[in-house]
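Visitor: Let me see the structure of the following:
(chains A and B)
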There are 2 protein chains.
Amino acid sequence: MDILHRVGIKSSPDEVYKALATREGVAAWWTTNTQGESKVGGALKFRFSDPRGVEIGGFDMKVLELHAAKRVLWQVVDGPEEWIGTKISWELKQDGDYVIVLFKHLGWKEPVEFMHHCSTKWAIFLMSLKSLVETGKGAPSPNDVKIDNWN
Amino acid sequence: MDILHRVGIKSSPDEVYKALATREGVAAWWTTNTQGESKVGGALKFRFSDPRGVEIGGFDMKVLELHAAKRVLWQVVDGPEEWIGTKISWELKQDGDYVIVLFKHLGWKEPVEFMHHCSTKWAIFLMSLKSLVETGKGAPSPNDVKIDNWN
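Guide: Residues are numbered from 1 along each chain as shown, chains lettered A, B, ... in the order given. Model (predicted):
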């Protein structure tokens, strides 16, 4: 079972790729607390905090693929049980004025309530990515848009 | 293949249900051009326009289930080929201060690019529903948040 999303960003594939393939890029739209090295075989550590700044969890991902201006692939190696082993795929293509981002969070075992939450939350973060690239300002955690009681 | 989402709305199940189970409610968060009768066995017609006001398509849905403050189920009877026959399910439950909305768009045949788009767009409209119920103001089409070159 997969979570799928599509956004279009008025920019160049190189700019969108930079926001996905560098630590600094991802920190500016997903979570400011992003550590590690974005290189094939390396690992990225994404951490999230509650409004008081207390760390409440996160994800460790291995970087499986980096194809400049085309594609990024991560695999979750640590985090919530439902996420471990799943893959997160980003594909870029130009379509007129837009860079189309096809997003896939692949390999959920069950359509649990947490998957519903993550699906909506990914859409929110994709809009943050779009905003970052188009305007220079994203809304990464802890200043992300809240969607429900799980945040 | 299903699109899944979860939002939490600070309100009562009755208020959220009203926004889902009445024509006026849906028109205030999804598309202002909503016609038909929201009753079991009835049909709702949702239409969308481009920025110049030209109608560009829409969906006809049969109302299959209406359970006050609990559940709404629609089935697509006309619209884009990929949507025909699919079902759209809304489940409500209270969790603390929030009404949790579990959304499912059930029965996609293929994970086509349009499914990616619709998944993201549903998240945007669920946030519009949340805003409508919490603040009195949604962002229905044609004033919806645009996500890509398909709108």
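Visitor: Per-residue pLDDT of the residue nearest to the spatial centre of chain A, please?
Guide: Nearest to the geometric centre of chain A sits A:Trp30, at 5.9 Å (C-alpha atoms, centre = their mean). pLDDT, A:Trp30: 98.
Visitor: ok, now which ones touch it?
Guide: A:Phe46, A:Phe125, A:Ser128, A:Leu129, A:Pro140, A:Ser141 (C-beta atoms under 8 Å, 6 or more residues apart in numbering or on different chains). All C-beta atoms are positioned from the backbone trio N, CA, C, and that covers glycine.
Visitor: Looking at those residues, which are in helices?
Guide: Those of the contacts of A:Trp30 mapping onto helices are A:Phe125, A:Ser128, A:Leu129, per DSSP state H.
Visitor: quick one: which of those is most hemmed in?
Guide: Within the ones in helices among the contacts of A:Trp30, neighbour counts (other C-beta atoms under 10 Å in any protein chain shown) peak at A:Leu129, which reaches 25 neighbours.
Visitor: Walk me through which strands the strand ranked longest in chain A pairs with, and which way each runs.
Guide: Longest strand in chain A by number of residues (criterion: DSSP state E): strand A:55-67. If you go by DSSP bridges, strand A:55-67 pairs up with strand A:43-49 (antiparallel), strand A:71-78 (antiparallel).
Visitor: from the contacts of A:Trp30, which is closest to B:Gln75?
Guide: A:Phe125 (31.1 Å; C-beta to C-beta).
Visitor: what's the closest non-adjacent residue to the closest one?
Guide: Once flanking residues are discounted, A:Phe125 sits nearest to A:Trp30: 5.5 Å by C-beta to C-beta, 6 or more residues apart in numbering or on different chains.
Visitor: ok, the closest residue in space to A:Ser12 that isn't next to it in sequence - contacts?
Guide: Using C-beta to C-beta, 6+ apart and skipping the chain neighbours, the partner closest in space to A:Ser12 is A:Val99 (6.7 Å). Taking C-beta under 8 Å, 6+ apart, we find A:Val99 in contact with A:Gly8, A:Ile9, A:Lys10, A:Ser11, A:Ser12, A:Pro13, A:Glu15, A:Val16, A:Leu92, A:Lys93.
Visitor: Quick one: name the residues of chain A near chain B.
Guide: Contacts of chain A with chain B, taken as C-beta under 8 Å from any C-beta of the partner chain, map to A:1-8, A:95-98, A:100, A:102-104, A:111, A:113, A:115-117, A:119-120, A:123-124, A:126-127, A:130, A:145, A:147-150.
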